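Visitor: Here's my sequence, what's the structure:
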Amino acid sequence: MLAQAEHSPGVSILITWQPELLDEVSAALNRQVTKLQRGDLARDSLERYGAFVLVKDMKQAIEITNQLAPEHLHVQTRDPDAIADKIQDAGAIFLGNFTPVALGDYAAGPSHVLPTGGTARYTSGLTANDFLRCSSVMSFTARGMRHLAEDVVRLAEKEGLTGHAASVSVRMGETKLPPRPPKKPVKAAT
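Guide: Okay, here's the model as predicted:
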């Protein structure tokens, strides 16, 4: 929690289903913050952006964690893998006592450009793949196209994209183009 708080501002949240842990962690934070070079900033950050969340069980802890979608998630339990398997939304997950977030920041290898502010619900950290271009390549046979043609024509017509529909119908041997929507009369400028 202190490592995140010293970013100032840095959000530090402890989620636990062990009530006695809250007092122990609070006492440890108060002792250790005085030893930090940026201790005043870390204390301010903890007071403004820190939180202790007491939940009823592991399941609720996982639900809340996924809702928060943290940039960094440190899972420190007897079986961190059991929790990590259920986390869907976190930028980077650090498992166990010997995997502090600082290892990921400086040496372990994952990107240090991670989704913040809950954006891990829909995006990932920056990777080398973000600098690559990729294209989709499709190749249908006549039979494959025939399998999808009716649905494609129907969807295109519903959108009013008769050229799209015709590009499929023509290839299916239907030379008649789909009907055009009625033209709106053009008013002459006066």
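Visitor: Domain map for this structure?
Guide: 2-126, 135-181 (automatic domain parsing).
Visitor: Compare those domains and give me the one nearest Lys187.
Guide: Lys187 lies closest to domain 135-181 among the domains of the chain, at 18.6 Å (C-beta to C-beta). (C-beta placed from N, C-alpha, C; glycine too.)
Visitor: just the strands in this structure please.
Guide: With DSSP state E applied, the chain shows strands at 12-16, 50-54, 72-75, 92-95, listed in chain order.
Visitor: highest average neighbour count across these?
Guide: Comparing the strands of the chain on average neighbours per residue, with mean count of other C-beta atoms under 10 Å, the densest one is strand 72-75 at a mean of 22.
Visitor: elements contacting the lowest-mean-pLDDT helix or strand in the chain?
Guide: The least trusted helix or strand in the chain, going by mean pLDDT, DSSP states H and E, turns out to be helix 101-106, with a mean of 82. The criterion is 3 or more C-beta pairs under 8 Å, 6 or more residues apart in numbering; DSSP states H and E, and the helices and strands that helix 101-106 contacts are helix 2-5, strand 72-75, strand 92-95.
Visitor: could the ones you listed go into JSON lines alongside mean pLDDT and distance to Leu114?
Guide: Below are the helices and strands packed on helix 101-106 laid out as JSON lines (pLDDT from 0 to 100; distance: least, C-beta to C-beta, whole Å):
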{"stretch": "helix 2-5", "mean pLDDT": "89", "distance to Leu114": "12"}
{"stretch": "strand 72-75", "mean pLDDT": "91", "distance to Leu114": "7"}
{"stretch": "strand 92-95", "mean pLDDT": "89", "distance to Leu114": "6"}
